[in-house]
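**Q** sequence? don't have it. structure:
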């Protein structure tokens, strides 16, 4: 690891010699466009100074650092470069081919095992989204805007620019996880949602040369690297469709207390210890909303999921509370894309949020310890032989 540490220091020292990098790192509100425009003329110079082709491409993703406050940006850069430069064992790729063999392997061997039928997307739907993104790359911006304005509007009538990204994580060529995230941008708001985020390493213990990577340490490292890559797309699309900063990432996570009380704390409804999963989200930087969240059904014959937390990763410091109006705007924009906002449970959540707004109440953001998960439930989770072990 000393080799990687020295390499990271050398790369940062080289970058510190360029004005566009220093402006980006030292600005209170860094400008992604200025950074990328400054980077382009110096690509040849950076190549001559030891940056290989992959590392030069990697620098384009560095724009996600704008989501960090100025005083934490250097530490985040160091952590990110350490993850990116350990690619001799770890790699993350954006899936651009709908028939990608790694996507098929991930879906059939990992994703289907972890998510129950009422919580997962079909492989066909993932492929359609990937194909749509591949086509969008070649569509002129005016036609792109026309398409979005014709087909994508939220509950407030605003045009929504949605983009979808499927990423696959591998260790020495072996698929170990993936993420499916969406960016949603309107004239008033830009944020990211997470449909799934999954790292599982226990199958590496069956491969002699990869045994050492089946550990909590590598699970955290790879999760952070995958998450930082997701954040890059949030920043990119916020600038592309509105020249603004992304606000946060929204997601869902199973609540072990509700599952326990409803008799659903078993492998039929979950395949991984939900307490440890919440802890991992907490380590990455997620907070848990003190709000009664119910996930609408993903299909006509499926039931809503009433044992989940709404979780959030703020891209800027927000303290211990979240503006209720802002959360409502984002949540309704997200749900407008695939659920009927006039029906339960979406209508019930909107009504609850409107009540809080009338009372001028904020939504409390909880850390892992504040969830107050009883020891009885923690012990119950430990005793279950989960399919996916932490």
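**A** In hand now; what should we look at? As the structure is a computational prediction, the values presented were derived from the model and not from experiment.

**Q** Output the below-cut-off pLDDT ranges for the stretch 251-390 of the chain.
**A** Applying pLDDT under 70 to the stretch 251-390 of the chain picks out residues 299-300, 388-390.

**Q** my bad, the stretch 51-200 of the chain
**A** The stretch 51-200 of the chain contains residues with pLDDT under 70 at 86-88.

**Q** Strands along that one, start to end?
**A** 90-94, 161-171, 174-185, 190-199 (DSSP state E, counting those that start in this stretch).

**Q** strand partners of the third one, parallel vs antiparallel please.
**A** Sheet neighbours of strand 174-185, with direction, are listed as strand 161-171 (antiparallel), strand 190-199 (antiparallel) (DSSP bridges).

**Q** Output those strands as TSV; include the columns mean neighbour count.
**A** C-betas here are computed from N, CA, C, even on glycine. Output for the strands paired with strand 174-185, formatted as TSV (neighbours: other Cβ atoms under 10 Å):
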stretch	mean neighbour count
strand 161-171	21
strand 190-199	23
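
**Q** so which of the ones you listed gets nearest residue 253?
**A** strand 190-199 (9.5 Å; Cβ to Cβ).

**Q** Name the next helix or strand downstream of the closest one, please.
**A** Per DSSP states H and E, strand 190-199 leads on to helix 216-240 as the next helix or strand towards the C-terminus.

**Q** What's the mean pLDDT across that following helix?
**A** The average pLDDT within helix 216-240 is 86.

**Q** which secondary structure elements does the helix or strand that that helix is followed by contact?
**A** For helix 216-240, the succeeding helix or strand toward the C-terminus, using DSSP H and E, is strand 248-254. Here strand 248-254 touches strand 190-199, helix 216-240, helix 274-284, strand 308-314, helix 324-336, going by 3 or more Cβ pairs under 8 Å, 6 or more residues apart in numbering; DSSP states H and E.

**Q** And these: which comes nearest residue 126?
**A** Residue 126 lies closest, by Cβ to Cβ, to one member of the helices and strands packed on strand 248-254: strand 190-199, at 9.2 Å.

**Q** List the contacts of that closest one.
**A** 110-111, 114-115, 120-121, 169, 176-184, 219, 222-223, 226-227, 230-231, 233-234, 237-238, 241-242, 244-251, 330, 333-334 (Cβ atoms under 8 Å, 6 or more residues apart in numbering).

**Q** and stretch 256-269, which residues are buried?
**A** With burial defined by 16 or more other Cβ atoms under 10 Å, the residues of stretch 256-269 counted as buried are 256, 257, 258, 259, 260, 264, 265, 269.

**Q** follow-up on the earlier one: determine which of the helices and strands packed on strand 248-254 approaches residue 148 most closely.
**A** helix 216-240 (11.8 Å).

**Q** what angle do the closest one and strand 190-199 make?
**A** Between helix 216-240 and strand 190-199, the angle comes out at 160 degrees (axes from the mean of the first three to the mean of the last three Cα atoms, to 10 degrees).

**Q** what distance separates helix 216-240 from the centre of its chain?
**A** With Cα atoms, centre = their mean, to the nearest Å as the basis, helix 216-240 stands 6 Å off its chain's centre.

**Q** Kindly report the same for stretch 112-124.
**A** 18 Å.

**Q** What residues of it count as buried?
**A** Using 16+ other Cβ under 10 Å as the test for burial, stretch 112-124 gives 114, 115, 119, 120, 121, 123.

**Q** Please identify which of those residues is nearest to residue 30.
**A** residue 121 (34.0 Å).

**Q** how close does the closest one sit to residue 37?
**A** 37 Å (Cβ to Cβ, to the nearest Å).

**Q** isn't residue 382 right up against residue 273?
**A** Yes - between residue 382 and residue 273 there is a contact under Cβ atoms under 8 Å: 7.4 Å.

**Q** Looking at those two, which is more packed in?
**A** The residue with more neighbours, out of residue 382 and residue 273, is residue 273; 19 against 11, by other Cβ atoms under 10 Å.

**Q** List the backbone torsions phi and psi for that one.
**A** Note on residue 273: its backbone torsions stand at phi -50, psi 110 [degrees, to the nearest 10].

**Q** Residue 55: neighbouring residues, count only.
**A** Residue 55 has 16 neighbouring residues, counting by other Cβ under 10 Å.
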